[in-house]
Structures are given as structure tokens and as C-alpha cells.
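A.B. asks: from the sequence below, what's the structure:
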Amino acid sequence: MLWLVAADLVTLIHAGYVAFVIIGFVAILVGWEAQRHWVRNLYFRLVHLALILFVCRLRLVESIWQELLDYLIRHSLFARGSVHTR
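C.D. replies: Residues are numbered from 1 along each chain as shown. Okay, the predicted model is just below:
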């Protein structure tokens, strides 16, 4: 039961994060075109940019780890014959 609640909570946080980034981007474009002053709100823009950069950083770290693990698997497990391929 606790796992279901935790999974729902993670889903809600993720959905809110994605919604803020996407809707925020659209709101910035529409507000800029409509010449709304809230579009130039420094805190809103910084938070929005920080969330985007956080995802970019996670993706970069993930790709670095993926390359490292792929290299280690190719050069250690296959070299010693630990992994059998057909």
C-alpha cells in the first residue's frame, strides 16, 4: 500500500515539474508577445531556467555514466569470458 502512495506521489511531482516547464515556456512566449510585465519577472525566469538546466545536467551525467558502464562491460566482462554471446 505504501508503495502505491509513493508511486503516485512521484508521478504527481514529475507531472508538476514537466507541466511547469512546458506551460511556463508557452506562457513566456505568449506573455512576451502580449507585452505582459510578469514575463520579465526575474524570479520566475530564474526558477524556470534552473529547472531546465537541472534536467539537462541529469541527462549529461546519465550519458557519461552510460558510456563509462558500457566501456567497463565491454572491456572487463567480455574480455574475461564472463558474458556469453550467441
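A.B. asks: just the element for residue 10, please.
C.D. replies: helix 2-33 (DSSP states H and E).
A.B. asks: can you give the distance of whichever helix or strand comes after that helix from its chain's centre?
C.D. replies: Of the helices and strands lying after helix 2-33 in sequence (DSSP H and E), the nearest is helix 42-72. Centroid displacement of helix 42-72 relative to its chain, using C-alpha atoms, centre = their mean, to the nearest Å, is 6 Å.
A.B. asks: also stretch 64-76?
C.D. replies: Distance, stretch centre to chain centre, for stretch 64-76: 22 Å (C-alpha atoms, centre = their mean).
A.B. asks: again with stretch 21-41
C.D. replies: 22 Å.
A.B. asks: ok, now which ones touch residue 15?
C.D. replies: With C-beta atoms under 8 Å, 6 or more residues apart in numbering as the criterion, no residue contacts residue 15. The C-beta positions use only the backbone N, C-alpha and C, and glycine is treated the same way.
A.B. asks: how close does it get to residue 2?
C.D. replies: According to C-beta to C-beta, to the nearest Å, residue 15 stands 20 Å off from residue 2.
A.B. asks: repeat for residue 28
C.D. replies: On the measure of C-beta to C-beta, residue 28 and residue 2 end up 39 Å apart.
A.B. asks: have a look at the two and say which one is more surrounded.
C.D. replies: residue 28 (18 against 6; other C-beta atoms under 10 Å).
A.B. asks: got a list of what that one touches?
C.D. replies: 39, 45, 48.
A.B. asks: and the pLDDT at it?
C.D. replies: Per-residue pLDDT puts residue 28 at 92.
A.B. asks: may I have stretch 49-57 as PDB, with CA atoms only?
C.D. replies: What follows is stretch 49-57, C-alpha atoms only, in PDB (Å, rounded to 0.1, in the frame of the first residue of the first chain):
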ATOM      1  CA  LEU A  49      15.800  28.300 -16.300                       C
ATOM      2  CA  ALA A  50      17.100  26.400 -13.300                       C
ATOM      3  CA  LEU A  51      14.600  23.600 -13.800                       C
ATOM      4  CA  ILE A  52      15.500  23.300 -17.400                       C
ATOM      5  CA  LEU A  53      19.200  23.300 -16.700                       C
ATOM      6  CA  PHE A  54      18.700  20.700 -13.900                       C
ATOM      7  CA  VAL A  55      17.200  18.200 -16.400                       C
ATOM      8  CA  CYS A  56      20.000  19.000 -18.900                       C
ATOM      9  CA  ARG A  57      22.600  18.300 -16.200                       C
END
